[in-house]
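Asks: need a structure here:
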Amino acid sequence: SIPKAKNQEYYPLVPSQHRIWVLSQLDEGSQAYIMSGAVLLKGELDIDKFKRAFDLLIDRHEILRTCFKINEEGEVHQYIVDGHELNFDVVLFDFKDKSKQTIDQHLHQEQHNPFDLTKAPLLKASLLQTEEKVHLCSFVMHHIIGDGWSMELLMSEVITTYNELLRNDKFESEKRSLQYKDYSVWLQSQLKSESYQTSERYWLDKFRGELPVLDLPSFRQRPAIQTYNGKTVNHQFSKTFLSKLKQFSQEHEVTLFMTLMTGVNALLYRYTNQSDIIIGTPIAGRDHPDLEDQIGLYLNTLAIRTQIGDGFSSEDLLQQQKQTLLEAYENQSYPFNELVSKLDISRDTSRSALFDVMVVLQNQSQLFSIKRDNDLEGIQVEAYQIENTNSKFDISFTFAETEGLELSIEYNTDIYHEFLIERMLVHYENLMTHVIDNPKASVSSIAYITEEEKNQLLQEFNDTKVDFPKDKTIVDLFEEQVKKTPNNIAVVFNKQELT
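Replies: A predicted model of the protein is given here:
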């Protein structure tokens, strides 16, 4: 069991918290690390009891009453605030007869107001009444006190507590024996253990030598200071495609995620001709059983380095990916922030540390449906989607298994055009189809462009004579030509080919 920490004025940050705290000191980063969610509540809602459910939640979880301050020695620590000192309320808004656009604009503004990390709580909640018996519940949390799993737990606990309050108006939830401060102190002791030292040696060995920087083609110049302006493009693959992926994975004794990750690496290799690629992937960080139902930032990031050898087949890459991921999982407790610090890499202000592309396979969304205890009594709960306008990385591939397979690509709009990302979705499906049908073919020969793009390359582009203007580059001309073509088809070249 994780032991209780001694009571003290303040407590240490875990490495992932420290990293987010540093990035949040930047103007752009302060908004990038805000998490938000919304649910539609249809039915007769007892607003007083709903507010009380949030109060009990905050009282139960100390991390929701935590703020972050610098002490006299210049070190940042987390401080727990007494519940009576908090200024928290579920704010009510009347949005009856308002358009969805107006509602979304309000939510967008509400969910992009930066937090002051020195003041608790780093959680906001509001209720927007949109119809007579319809409310929209919006909640916003800073990433430094929670993660995706925590967001699910937060809403499921509010629902469970609300239902208990309906049955018993004087219901009081039990205090939790384990709090986030206990975890943060316990983790400090774990960082000195032999298993931690073993993991450290593994990661430092994995990232020996010159580290690659992904040179993905773009028509826009990368900003000198990293920005987080983003957009998301979604695509739904068919049930048949998902079935083929699962069968292929089973035949090669790998997980679905290993197959999907292999596909992303292969696509990036074909785009850039770079054989050494680093991709990030999040890990829940809740391998200790005491942490499953805890709200807090337990998420860790694994940096997966893949080196594609000459003549590698798709099968070779898949098996290497399997081995690399299994080794990374064995050493998953080693904090990503510690790895970045130990590597002592020079800071590039235009990029994220170590990698620019993230790959995720969502599975935590099942948690909400399992734990929410048959919804609110008398209330139908539905998810409410809000457009995301942030991107923590250059590109993030997020896969989710539904009836088929969904792929959402979140991208930085200051670096990439939407039409390039839309092509990426098509290219990924083409590439994976080719891999499934020809697993022994070399990665360098994998076909991914469409027939229309082939025709464009061989016929249309070669059939156009253009006098070269002195004030434009070849990239400018290429972009203009792409925009003139049907369906905004973009063909991705690596820089050598384009030159």
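
Asks: CA only for contacts and neighbour counts going forward, please
Replies: Noted.

Asks: element containing residue 452, please.
Replies: Using DSSP states H and E, residue 452 maps to helix 451-455.

Asks: Please save the CA atoms from that helix in PDB.
Replies: Below are the C-alpha coordinates for helix 451-455, written out as PDB (Å, rounded to 0.1, in the frame of the first residue of the first chain):
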ATOM      1  CA  GLU A 451      -4.900   6.900 -58.100                       C
ATOM      2  CA  GLU A 452      -6.000  10.500 -58.500                       C
ATOM      3  CA  GLU A 453      -2.700  11.700 -56.900                       C
ATOM      4  CA  LYS A 454      -0.700   9.400 -59.100                       C
ATOM      5  CA  ASN A 455      -2.400  10.800 -62.200                       C
END
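
Asks: to the chain's geometric centre, what's the distance from it?
Replies: 33 Å (C-alpha atoms, centre = their mean, to the nearest Å).

Asks: Any buried residues in it, and which?
Replies: residue 453 (16 or more other C-alpha atoms under 10 Å).

Asks: Contacts only, for residue 383.
Replies: Going by C-alpha atoms under 8 Å, 6 or more residues apart in numbering, residue 383 touches 38-40.

Asks: Kindly report the same for residue 302.
Replies: Contacts of residue 302 (C-alpha under 8 Å, 6+ apart): 280-283, 328, 332, 336.

Asks: Verify the stated contact: residue 298 with residue 285.
Replies: Yes. Here residue 298 reaches residue 285: they are 5.0 Å apart, a contact under C-alpha atoms under 8 Å.

Asks: out of the two, which sits in the more crowded spot?
Replies: Between residue 298 and residue 285, counted using other C-alpha atoms under 10 Å, residue 298 has the larger neighbour count: 26 against 17.

Asks: And residue 490, what's its pLDDT?
Replies: With respect to pLDDT, residue 490 scores 46.

Asks: Residue 474 too?
Replies: Predicted confidence (pLDDT) for residue 474: 64.

Asks: Ok, residue 466 next?
Replies: 55.

Asks: And the next helix or strand past the strand or helix carrying residue 37?
Replies: Element membership of residue 37, judged by DSSP H and E, is strand 34-43. Counting by DSSP H and E, the element after strand 34-43 in chain order, helix or strand, is helix 47-60.

Asks: follow-up on the earlier one: can I get the buried part of the contacts of residue 383 as one PyMOL selection?
Replies: Only the buried entries of the contacts of residue 383 go into this PyMOL selection, using 16+ other C-alpha under 10 Å:
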select buried, resi 38+39+40
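
Asks: Just give me the closest of the contacts of residue 383 to residue 441.
Replies: Checking these against residue 441 with C-alpha to C-alpha, the nearest one is residue 38 at 45.7 Å.

Asks: Spit out the contact partners of that closest one.
Replies: 136-139, 383-386.

Asks: does residue 124 really touch residue 115, like I thought?
Replies: No. Under the criterion of C-alpha under 8 Å, residue 124 makes no contact with residue 115, lying 9.6 Å away.

Asks: what are the ranges of the strands in the chain?
Replies: 34-43, 66-70, 76-80, 90-94, 123-131, 134-142, 230-237, 276-283, 300-307, 357-362, 379-383, 395-401, 405-412 (DSSP state E).

Asks: okay if I get those as CSV plus distance to residue 171 and mean pLDDT?
Replies: Converted to CSV, these look like this (distance: least, C-alpha to C-alpha, whole Å; pLDDT from 0 to 100):
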stretch, distance to residue 171, mean pLDDT
strand 34-43, 22, 91
strand 66-70, 25, 96
strand 76-80, 24, 97
strand 90-94, 19, 95
strand 123-131, 22, 95
strand 134-142, 22, 94
strand 230-237, 42, 94
strand 276-283, 36, 97
strand 300-307, 36, 96
strand 357-362, 35, 94
strand 379-383, 20, 86
strand 395-401, 37, 95
strand 405-412, 41, 96
